[in-house]
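> quick one: sequence plus predicted model below, questions after.
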Amino acid sequence: MSDRRLVAAALLGLGGGLRSFAPPVALALHGRGPLAGAARFIAFGAAVGEVIADKQPQMGSRLAPRGLGLRLGFSSTGGGDLGGWEGAGIAAVAALATAFAGSRLRTTVQGRPAQLAAAVAEDALSYGLVLAAVRMR
């Protein structure tokens with residue numbers, strides 16, 4: 001297994017920990033993963049919904065079972081696509097780390113304008129990481 005594939009899996013997991021639908025979107029854009037082809041529109045629609053919902057003040061914690069499960073599931077599946085079983089594990093650990101870091105950031109940032117800015121920065125970082133990961137592979 002090449003180190004490049006494992007680095008790609010780690011990057012994908014880092015991005016997936018911040019936005020759960022980022023890994024399937026990045027893979028689908030490159031014709032990979034379970035939501036490639038016509039099914040990519042499912043991933044795209046869900047990702048748009050997630051990005052919008054994330055900006056709402058009443059949005060629940062990303063560490064809740066459903067949110068964390070999606071982040072770990074999509075990240076490990078994508079990591080597996082990029083780096084096999086090792087990649088799946090690395091992506092899951094990376095996603096867990098950024099889910100906790102992102103949660104900590106969002107609870108630390110005070111004031112609605114600063115929270116929105118942090119959320120938009122997270123969007124950009126997440127999608128930048130997953131797109132770089134898929135391009136590496």
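Yes, it's here. Every value quoted in this text rests on a predicted model; they were computed, and no experiment measured them.

> if you average pLDDT over stretch 57-67, what comes out?
Here stretch 57-67 scores 85 as its mean pLDDT.

> and that stretch, how far from the chain's centre?
14 Å (Cα atoms, centre = their mean, to the nearest Å).

> first-to-last residue distance for it?
16 Å (Cα to Cα, to the nearest Å).

> residue 9 reaches residue 86, doesn't it?
Yes: under the criterion of Cβ atoms under 8 Å, residue 9 makes contact with residue 86 at 7.5 Å. No exception for glycine: its C-beta is placed from N, CA and C like everyone else's.

> give me the more crowded residue out of these two.
Ranked by neighbour count (other Cβ atoms under 10 Å), residue 9 and residue 86 place residue 9 first, with 33 against 14.

> quick check: that one vs residue 57, distance?
34 Å (Cβ to Cβ, to the nearest Å).

> show me the contacts for residue 37.
residue 31 (Cβ atoms under 8 Å, 6 or more residues apart in numbering).

> no no, residue 14
Contacts of residue 14 by Cβ under 8 Å, 6+ apart are 94-95, 97-98, 129.

> now, the most widely separated pair of those?
97 and 129 (12.3 Å; Cβ to Cβ).

> which of those two has more neighbours?
Shown here are residue 97 and residue 129; by other Cβ under 10 Å, residue 129 has more neighbours (25 against 14).
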